[in-house]
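[1] this is a predicted model, with the sequence first.
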Amino acid sequence: MKYKRKHSKIPVFIWLLANILYFQIVYIAALWLFFSLILLFKHNSIKDLWISLAEFITADNCYIILIILPIFIGYSISLLRSAITEIIVDYNSCTISYIYHTAKTFFICKKVETIPFEDICYYIDRCRYPKFNKIIFPFAPTETIIFYRKNNSPIQFGNTIGWTDSQFREIIKELEKIAQPCKSKKSY
């Protein structure tokens, strides 16, 4: 069986940039709303409430926006971690191969790793409120499969960056035929 993410024409690096841009826009909108509400309480008038967004960004608030940017870059990388773009389950050779882009290279370099069936160790991490997360954080996965490797950091991927929910469910069913998932998350 071969599983390839549905939107494979879009490079993973572009998904990373879109994720960072989304968080930056949400952050600016939240700050703008917060400062507008402070003005409302300060002046007790609705006519002075909404300062324009352009005024807000060009005012002395730019440093707040730039200071938080590295945090959003780091958080976006941690969400995507090692982005798996293709999974190949080969029953003839009893192996699973996955093609992924590493976070160390900002998702530009591609790597391939093969695991024999007897060495497969994985955990399925599900978030508590998937519908809420899909609306507020569309780039954050609601389900994540974490592959544990010997003496290495885990590889993870979720139902984001081009993977659809139906593809993800198919992959989970295929993995469950081979080996059952771990009961709890492992730590390194």
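    Received the coordinates, thanks.
[2] in the longest helix seen in the chain, what's buried?
    Across the chain, the longest stretch assigned as helix under DSSP state H is helix 12-43. Across helix 12-43, burial judged by 16 or more other C-beta atoms under 10 Å covers 12, 15-16, 19-20, 22-24, 27-28, 31-32. (C-beta placed from N, C-alpha, C; glycine too.)
[3] out of these, flag the one nearest to residue 93.
    residue 12 (26.8 Å; C-beta to C-beta).
[4] what pLDDT is listed against that closest one?
    With respect to pLDDT, residue 12 scores 79.
[5] need the contact list for it.
    80, 83, 85, 101, 107, 161 (C-beta atoms under 8 Å, 6 or more residues apart in numbering).
[6] distance of residue 110 relative to residue 99?
    Residue 110 sits 6 Å away from residue 99, taking C-beta to C-beta, to the nearest Å as the criterion.
[7] find residues that contact each of these two.
    In contact with both residue 110 and residue 99: residue 85, using C-beta under 8 Å, 6+ apart.
[8] tell me which residues of whichever strand or helix holds residue 96 come out buried.
    Here residue 96 sits within strand 95-101, counting by DSSP states H and E. Within strand 95-101, the residues that count as buried by 16+ other C-beta under 10 Å are 96, 98, 100-101.
[9] check stretch 172-181 too.
    175, 181.
[10] what's the answer for stretch 154-170, then?
    154-163, 167-168.
[11] dump the C-alpha coordinates for it into PDB.
    C-alpha atoms of stretch 154-170 as PDB (Å, rounded to 0.1, in the frame of the first residue of the first chain):
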ATOM      1  CA  PRO A 154      10.700  10.200  17.100                       C
ATOM      2  CA  ILE A 155       9.200  11.000  13.800                       C
ATOM      3  CA  GLN A 156       5.600  12.300  13.900                       C
ATOM      4  CA  PHE A 157       3.000  13.400  11.400                       C
ATOM      5  CA  GLY A 158      -0.600  14.500  11.800                       C
ATOM      6  CA  ASN A 159      -3.700  15.100   9.800                       C
ATOM      7  CA  THR A 160      -2.400  18.400   8.500                       C
ATOM      8  CA  ILE A 161       0.000  19.700   5.800                       C
ATOM      9  CA  GLY A 162      -1.900  18.100   3.100                       C
ATOM     10  CA  TRP A 163      -3.100  14.800   4.700                       C
ATOM     11  CA  THR A 164      -6.900  14.500   4.900                       C
ATOM     12  CA  ASP A 165      -8.800  12.900   7.800                       C
ATOM     13  CA  SER A 166      -9.900  10.000   5.600                       C
ATOM     14  CA  GLN A 167      -6.300   9.300   4.500                       C
ATOM     15  CA  PHE A 168      -5.200   9.400   8.100                       C
ATOM     16  CA  ARG A 169      -7.900   7.000   9.200                       C
ATOM     17  CA  GLU A 170      -6.800   4.600   6.500                       C
END
